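Asks: need a 3D model of the sequence below.
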Amino acid sequence: MREMSSAGQAGKVYIVGVGASGSLPPEGARLVEEADILFGGERLLMLFPEAGGEKIAIKRNLSEVEERIRENLGRRKLVVLASGDPNFFGIAGYLMRKLGKEHVEIIPNVSSVQLAFARIKQSWEDAAFVSTHGRGPEEILDALSRSRKVAVLTDERWNPGAVVKFLLDRGVSGVRAYLCENLGTEGERVEEMSLSELSSMEEFAPLSLLLLLREREPERAFGIPEGEFAHRRGLITKQEIRAIVLSKLRLSERGILWDIGAGSGSVSIEASFLARKGRIFAVERDPEQVRLLKENVRKFEAWNVEVIRAEAPEGLSELPDPDAVFIGGSGGRMEEIVDAVCRRLKSGGRIVINAATLESVNAAACSLKRRGFETEVALINVARSKAVADLTLFKALNPVFVITAKIPEEKVE
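Replies: Alright, predicted model coming up:
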């Protein structure tokens with residue numbers, strides 16, 4: 001074994017970024033040359049055949065790699081190879097969590113995302129970044145909703161074609177794609193195309209990423225006036241009531257919401273702005289309302305809203321368990337719907353119900369109380385100003401009961 005340096009004695013592992021063409025920063029080159037154990041993916045290890053230390057391939061064996069590093073910290077010179085910037089969707093975060101930051105040093109290189117934006121001659125300080133490695137593509141929807149530029153790091157399952165097909169299925173439009181393959185190598189390819197053109201491709205290089213550029217800046221604002229939604233006259237949750245309903249639902253950014261009796265989708269669409277990385281299921285049985293709902297989803301780019309044409313409660317069986325449920329319409333089947341919702345609602349979840357009559361509010365509140373829910377009923381009266389000649393009068397909207405239910409927290413003695 002080679003003589004250890006003071007760095008080795010300090011108990012450090014060095015994570016060195018490798019450039020697209022196999023280049024190393026000067027300090028990284030020295031570390032690789034002196035390493036007693038060199039960790040890295042098989043492709044990266046093959047770039048340095050002259051390295052004399054032991055080589056350990058990183059595959060799906062991160063726990064084993066972590067253990068080998070622990071065993072040798074402070075005893076041998078340890079280097080981990082990573083693509084580009086190890087701290088950008090790379091192994092650095094994992095090792096720092098497991099080993100502690102005091103045992104890790106990072107020597108970054110140029111990332112593939114930097115190279116990609118350089119190739120298309122676009123700045124990237126205002127871009128959003130998403131990785132599909134070990135994840136799904138859902139977060140791309142959130143990124144597109146808040147940024148005009150999105151870089152997607154793809155993997156074998158969610159390759160650029162699969163990602164684009166997912167986006168098209170969700171109704172994403174107004175976006176141009178740049179397919180970037182094998183950046184920095186002899187086989188480099190950077191091509192601009194439409195989403196539909198890219199979706200028809202079947203083969204992609206293992207080293208590929210996707211840049212998505214919107215044609216205009218995304219716009220999202222709460223409190224959308226009723227007149228901006230396509231809807232049947234009078235059949236829409238009013239702007240003020242909508243704000244109260246959303247506050248009662250207390251959605252998290254990754255939350256799952258069932259909107260039962262979604263109508264034209266005003267609650268679903270504004271809920272999607274809160275549950276940015278979550279999923280909204282707008283359940284509606286009326287075909288004309290479904291048509292309007294889909295039109296509104298497209299208009300407001302609420303891409304994480306999934307329209308379900310179905311009767312409740314039957315249409316709820318295939319949906320993932322919800323964190324929150326809004327019931328805007330029951331079709332006279334409130335008891336059945338509440339029963340189905342209570343069996344599926346996640347721990348700590350909430351149910352919010354809008355009712356317009358004393359009979360319906362009584363039926364809903366009693367149904368929830370029988371099932372052990374802590375229930376609150378708020379009567380909301382709203383009046384809007386209306387100009388009459390030179391005067392301003394107020395015109396009342398129909399009062400609405402908003403019922404909020406949750407499982408009571410256990411009392412602490």
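Asks: make it CA atoms for all contacts and neighbour counts henceforth
Replies: Noted.
Asks: tell me, how many residues neighbour residue 299?
Replies: 12 (other C-alpha atoms under 10 Å).
Asks: can you give me phi and psi for it?
Replies: With angles defined as degrees, to the nearest 10, residue 299 sits at phi -60, psi -50.
Asks: same check, this time on residue 389
Replies: According to degrees, to the nearest 10, residue 389 has phi 60, psi -120.
Asks: roughly how far apart are it and residue 206?
Replies: Noted for residue 389: a distance of 70 Å to residue 206, by C-alpha to C-alpha, to the nearest Å.
Asks: of the two, which one has the most company?
Replies: residue 206 (12 against 7).
Asks: could you pull out the helices for the chain?
Replies: 6-9, 26-34, 42-46, 62-72, 91-99, 112-120, 138-146, 160-169, 195-199, 239-249, 266-274, 287-299, 334-344, 358-370 (DSSP state H).
Asks: how about JSON lines for those, with distance to residue 313 and mean pLDDT added?
Replies: Converted to JSON lines, those look like this (distance: least, C-alpha to C-alpha, whole Å; pLDDT from 0 to 100):
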{"stretch": "helix 6-9", "distance to residue 313": "63", "mean pLDDT": "42"}
{"stretch": "helix 26-34", "distance to residue 313": "60", "mean pLDDT": "91"}
{"stretch": "helix 42-46", "distance to residue 313": "51", "mean pLDDT": "91"}
{"stretch": "helix 62-72", "distance to residue 313": "44", "mean pLDDT": "92"}
{"stretch": "helix 91-99", "distance to residue 313": "43", "mean pLDDT": "93"}
{"stretch": "helix 112-120", "distance to residue 313": "46", "mean pLDDT": "94"}
{"stretch": "helix 138-146", "distance to residue 313": "26", "mean pLDDT": "91"}
{"stretch": "helix 160-169", "distance to residue 313": "25", "mean pLDDT": "95"}
{"stretch": "helix 195-199", "distance to residue 313": "35", "mean pLDDT": "95"}
{"stretch": "helix 239-249", "distance to residue 313": "20", "mean pLDDT": "96"}
{"stretch": "helix 266-274", "distance to residue 313": "18", "mean pLDDT": "96"}
{"stretch": "helix 287-299", "distance to residue 313": "17", "mean pLDDT": "95"}
{"stretch": "helix 334-344", "distance to residue 313": "5", "mean pLDDT": "92"}
{"stretch": "helix 358-370", "distance to residue 313": "15", "mean pLDDT": "90"}
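Asks: look up how far residue 338 lies from the nearest residue to residue 111 once chain neighbours are set aside.
Replies: Leaving aside its chain neighbours, residue 111 sits nearest to residue 84 (4.0 Å; criterion: C-alpha to C-alpha, 6 or more residues apart in numbering). Distance, residue 84 to residue 338, using C-alpha to C-alpha: 52 Å.
Asks: more crowded one of the two?
Replies: The neighbour comparison of residue 84 against residue 338 (other C-alpha under 10 Å) goes to residue 84, with 25 against 21.
Asks: and the more buried one, backbone torsions?
Replies: phi 60, psi -120.
Asks: just give me the neighbour total for residue 107.
Replies: Applying other C-alpha under 10 Å, I find that residue 107 has 21 neighbouring residues.
Asks: what sits against the spatially closest residue to it that is not a sequence neighbour?
Replies: Leaving aside its chain neighbours, residue 107 sits nearest to residue 16 (4.8 Å; criterion: C-alpha to C-alpha, 6+ apart). Going by C-alpha atoms under 8 Å, 6 or more residues apart in numbering, residue 16 touches 24, 28, 79-82, 86, 106-109.
Asks: show me what stretch 230-247 is in contact with.
Replies: So stretch 230-247 is contacted by 223-226, 263-264, 266-267, 271, 289, 292-293, 295-296, 352, 380, 382, 400, 402 (C-alpha under 8 Å, 6+ apart).
Asks: just the buried ones from the residues you listed?
Replies: 224, 226, 263-264, 266-267, 271, 289, 292-293, 295-296, 352, 400, 402 (16 or more other C-alpha atoms under 10 Å).
Asks: quick check: can you list the domain ranges of this protein?
Replies: Following automatic domain parsing, one gets these domains for the chain: 6-109, 113-214, 226-406.
Asks: roughly how far does residue 312 sit from residue 191?
Replies: 46 Å.
Asks: out of the buried ones among the contacts of stretch 230-247, who's nearest residue 254?
Replies: residue 271 (11.3 Å; C-alpha to C-alpha).
Asks: which pLDDT value goes with residue 136?
Replies: Per-residue pLDDT puts residue 136 at 83.
Asks: what sits against it?
Replies: Neighbours of residue 136 in contact, by C-alpha under 8 Å, 6+ apart: residue 158.
Asks: please say which of residue 312 and residue 191 ends up with more neighbours.
Replies: residue 312 (22 against 12).
Asks: that one contacts residue 338, doesn't it?
Replies: No: at 10.0 Å, residue 312 does not count as touching residue 338 under the criterion of C-alpha atoms under 8 Å.
Asks: rounded mean pLDDT for stretch 213-221, please.
Replies: Mean predicted confidence for stretch 213-221 is 86.
Asks: quick check: buried residues in it?
Replies: Result for stretch 213-221 [16+ other C-alpha under 10 Å]: buried residues 213-214.
Asks: can you give me the end-to-end span of that stretch?
Replies: End residues of stretch 213-221 are separated by 21 Å (C-alpha to C-alpha).
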